[in-house]
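Q: need a 3D model of the sequence below.
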Amino acid sequence: MESIEKKVTDAILQRASLSIEIEGKEYPIAPATPATLILVSELIAEMPEVRSDVDNILFETLRTARDCKVVGKIVATLILGAKRIKEHRTLMIEKVSNSRNFSWRKLRFVNEVKKEFEEVSEFEHLSTLILENCSPATIGQVVSKRLIDMGLSDFFGLTTSLSEANMLKSTKEVEATQFGE
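A: Model (predicted):
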């Protein structure tokens, strides 16, 4: 069991406490920060409305699934963290393409394999990998574990107390006077 001091130190120094492996590449899981929580909140706002009071939940799931690509971005944000996302890191991805061309020298069709490297955003690449390679159960476990680690109750307490302080702030009333008086 980690001590609270170690957790605080890791969070302050932005050390990753865990990592997750997807498609053979290890991604360090960033510590929980309010900036990450804010980014996740923005992405959750893009999710479609899913009604749970319908008669056939299967049809409702299939109806809304097409608009849920943002789930990959939410999980990628929870893994990478806001700081790393804002660094706009890129990856070089090897793309392999097969083509079939006619060779006049051999007088037949020849299969050619071309390897090209493409520079892509780490965030976009990870969100795509998550959607293509992780099961819904795994995605659900990662999201719930990361949200628990983020200390939502602490963030809620902070925002609530600041909101109340803002409402209690005295306001200064200004009496309007007509020009020339």
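Q: spatially nearest residue to K95, not counting backbone neighbours?
A: Counting by CB to CB, 6 or more residues apart in numbering, K95 lies nearest to E116, which is 4.9 Å off, once chain neighbours are set aside. The C-beta positions use only the backbone N, C-alpha and C, and glycine is treated the same way.
Q: phi first, then psi, for the one you found.
A: phi -130, psi 150 (degrees, to the nearest 10).
Q: can you pull the pLDDT of it?
A: On pLDDT, E116 comes in at 90.
Q: burial count for it?
A: E116 has 9 neighbouring residues, counting by other CB atoms under 10 Å.
Q: who touches it in this structure?
A: E116 makes contact with E94, K95, S97, according to CB atoms under 8 Å, 6 or more residues apart in numbering.
Q: from M92, how far off is it?
A: For E116, the distance to M92 (CB to CB, to the nearest Å) stands at 10 Å.
Q: do E119 as well
A: When distance is defined by CB to CB, E119 is 6 Å away from M92.
Q: in three-state terms, label S99 for me.
A: strand (DSSP: H, G, I helix; E, B strand; the rest coil).
Q: excluding chain neighbours, what is closest to V50?
A: T64 (5.1 Å).
Q: residues contacting that neighbour?
A: Each residue near T64 by CB under 8 Å, 6+ apart is listed here: P48, E49, V50.
Q: kindly indicate which of those residues lies nearest L158.
A: Closest approach to L158 among those (CB to CB): E49, at 28.0 Å.
Q: okay, now the sheet partners of the helix or strand where K115 lies, with direction.
A: Under DSSP states H and E, the secondary-structure element containing K115 is strand 108-121. Note on strand 108-121: by DSSP bridges, its sheet partners are strand 90-103 (antiparallel).
Q: contacts for the strand it pairs with, please.
A: 108-122, 125.
Q: what segments of the chain are strands?
A: Secondary structure of the chain by DSSP state E: the strands cover 18-22, 25-29, 90-103, 108-121.
Q: nice, that's everything, thank you.
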